[in-house]
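>>> sequence and predicted structure are below.
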Amino acid sequence: MDDDTDRLNRVFAALADPTRRDLVARLAAADASVGELAEPYDMSLQAVSKHVKVLEDAGLVTRTKVAQRRPVHLDAEVFDLMTKWIERYRRTAEERYRRLDAVLSHLTADQDQTQEDAS
């Protein structure tokens, strides 16, 4: 398995959890400390910290130290990797639909011609 595949697996596994997806959505708006991230949840600071650690291990977030604060920062670069992966399969699916549309158009035209010939 190559590095990109391994990284994608970690990212998608991390984002499988709704709490972590919510954390990512909140971090898209602004950096926040773990304490700030924990505020809306009915869970311990330690539990939220574990969610942040999973996101960090997947490469979705980084933590820095600014004075006494350790803000969590969303790393947008990983979204480029995800977008490229999704886009590749979207293009493949669209091409299949275009081919199906062409076949259906051809069949419809043949059917219309057959009906005209029968008239």
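That came through, no problem.

>>> which strands or helices does the helix-or-strand element of the chain with minimal mean pLDDT pack on?
The weakest-scoring helix or strand in the chain, judged by mean pLDDT, DSSP states H and E, is helix 77-118 (a mean of 83). Here helix 77-118 touches helix 3-15, going by 3 or more Cβ pairs under 8 Å, 6 or more residues apart in numbering; DSSP states H and E. For glycine as for every other residue, the C-beta is placed from the backbone atoms N, C-alpha and C.

>>> what packs against the next helix-or-strand element following the helix it packs on?
For helix 3-15, the following helix or strand on the C-terminal side (DSSP states H and E) is helix 18-29. The contact analysis (3+ Cβ pairs under 8 Å, 6+ apart) places helix 18-29 against helix 3-15, helix 34-38, helix 45-57, strand 61-63, strand 72-74.

>>> JSON lines for these, including mean neighbour count, mean pLDDT and distance to residue 104?
Putting the helices and strands packed on helix 18-29 into JSON lines (neighbours: other Cβ atoms under 10 Å; pLDDT from 0 to 100; distance: least, Cβ to Cβ, whole Å) gives the following:
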{"stretch": "helix 3-15", "mean neighbour count": "14", "mean pLDDT": "91", "distance to residue 104": "34"}
{"stretch": "helix 34-38", "mean neighbour count": "18", "mean pLDDT": "95", "distance to residue 104": "50"}
{"stretch": "helix 45-57", "mean neighbour count": "17", "mean pLDDT": "96", "distance to residue 104": "44"}
{"stretch": "strand 61-63", "mean neighbour count": "18", "mean pLDDT": "94", "distance to residue 104": "46"}
{"stretch": "strand 72-74", "mean neighbour count": "19", "mean pLDDT": "95", "distance to residue 104": "43"}
